[in-house]
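A.B. asks: fold the following and give me the result.
(one chain, ligands or ions: 1)
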Amino acid sequence: MPAPESPLIIALDYADLGAALQLADALDPARCRVKVGKELFTRVGPVAVEALHRRGFQVFLDLKFHDIPNTVAGAVEAAADQGVWMVNVHASGGRRMMEASAERLAKRGLETHLIAVTVLTSMADGELQETGVSGSALAQVERLATLTLESGLDGVVCSARESARLRELCGAGFLRVTPGIRPASAGQGDQRRVMTPDAAMAAGSTHLVIGRAVTQAADPMAALADIERTLARRS
Ligand SMILES: O=c1ccn([C@@H]2O[C@H](COP(=O)(O)O)[C@@H](O)[C@H]2O)c(=O)[nH]1
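C.D. replies: Got it, this is the predicted structure:
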């Protein structure tokens, strides 16, 4: 299956495999990728990834590993052994953790993209400061993205609000995978640093992660088609 040109990654945040596959079966693996996150993976395990691979999807395994270097490198290797397209760690786990993970993949010649979460898109400046970070979310994202680049990873998870700055800081080839995408008509829910799909692309995001705007829509496929139309108008 050739890689989709689309930047869209649909987050299959479901509590059971049946619901996730029901949506996956309505999606076209030539037109989007899918994301398996903590809820589905904790309930179902690698079976979810296998079922999506059988359907031809490239899978982003979004487990955001955060632990000591040896443990995270082992988990990243285990994800890559499942053949996932992308896996991630928390950049706040530090340089040695990220380097160990990137080196583990390189040593085995595994082509899974490895990226790092900078600051969760659900956090605004005030909430971040409660955790002991004194500057703004943007300053922390810049710091962690630079560390991620220096540690040899392929890109970051950030908000689309930071995409333009990170393209400048880390180069166009450094992936900017952005959740917190909200069509103009959608509520922000628990997300804080949000952007619309077209604004996110204009800002320089390389990939857009979209969950509830599609999965919780009354008609998920119509919601997705609307997003695709918005993006097509840009090109
Ligand atoms: O900073 C982050 C990192 C990961 N996510 C994940 O993306 C989706 C977003 O879902 P929506 O329903 O579109 O809000 C979800 O799976 C998160 O775990 C994120 O939102 N922010």
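
A.B. asks: any idea which strand is longest in this structure?
C.D. replies: Criterion DSSP state E: the longest strand present in the chain is strand 59-65.

A.B. asks: okay, now the sheet partners of that strand, with direction.
C.D. replies: For strand 59-65, the paired strands and their directions (DSSP bridges) read strand 33-36 (parallel), strand 86-90 (parallel).

A.B. asks: mind putting these in TSV, mean pLDDT and mean neighbour count included?
C.D. replies: Where you see a C-beta, it was placed from the backbone N, CA and C, and this is true even at glycine. As requested, the strands paired with strand 59-65 are exported to TSV (pLDDT from 0 to 100; neighbours: other CB atoms under 10 Å):
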stretch	mean pLDDT	mean neighbour count
strand 33-36	98	24
strand 86-90	99	25
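
A.B. asks: among those, which is nearest the ligand?
C.D. replies: Ranking the strands paired with strand 59-65 by proximity to the ligand (CB to the nearest ligand atom) places strand 33-36 first, at 6.2 Å.

A.B. asks: ok, residues contacting the closest one?
C.D. replies: By CB atoms under 8 Å, 6 or more residues apart in numbering, the residues outside strand 33-36 that reach it are 4, 6, 8-12, 20, 24, 27, 48-49, 52, 57-62, 85, 207, 209, 211.

A.B. asks: am I right that T230 is in contact with P183?
C.D. replies: Yes: between T230 and P183 there is a contact at 7.4 Å, judged by CB atoms under 8 Å.

A.B. asks: need the overlap of contacts for these two.
C.D. replies: Residues touching both T230 and P183 (CB under 8 Å, 6+ apart) are T196, P197.

A.B. asks: backbone dihedrals for the residue in the chain sticking out farthest from the centre, please?
C.D. replies: Residue farthest from the centre of the chain, counting by CA atoms, centre = their mean, is S134 at 25.5 Å. The phi and psi values for S134, taken as degrees, to the nearest 10, are phi -90, psi -30.

A.B. asks: how much space separates it from the ligand?
C.D. replies: 20 Å (CB to the nearest ligand atom, to the nearest Å).

A.B. asks: make 41 the first number, not 1, from now on.
C.D. replies: Understood, numbering begins at 41; the last thing we discussed is S174.

A.B. asks: and that residue, how far from P219?
C.D. replies: 25 Å (CB to CB, to the nearest Å).

A.B. asks: now, of the contacts of strand 73-76, which are buried?
C.D. replies: Buried subset of these (neighbour count, 16 or more other CB atoms under 10 Å): 44, 48-52, 60, 64, 67, 88-89, 92, 97-102, 125, 247, 249, 251.

A.B. asks: just to revisit the earlier point, need the strands paired with strand 99-105 in JSON lines with distance to M235, can you?
C.D. replies: Converted to JSON lines, those look like this (distance: least, CB to CB, whole Å):
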{"stretch": "strand 73-76", "distance to M235": "18"}
{"stretch": "strand 126-130", "distance to M235": "20"}
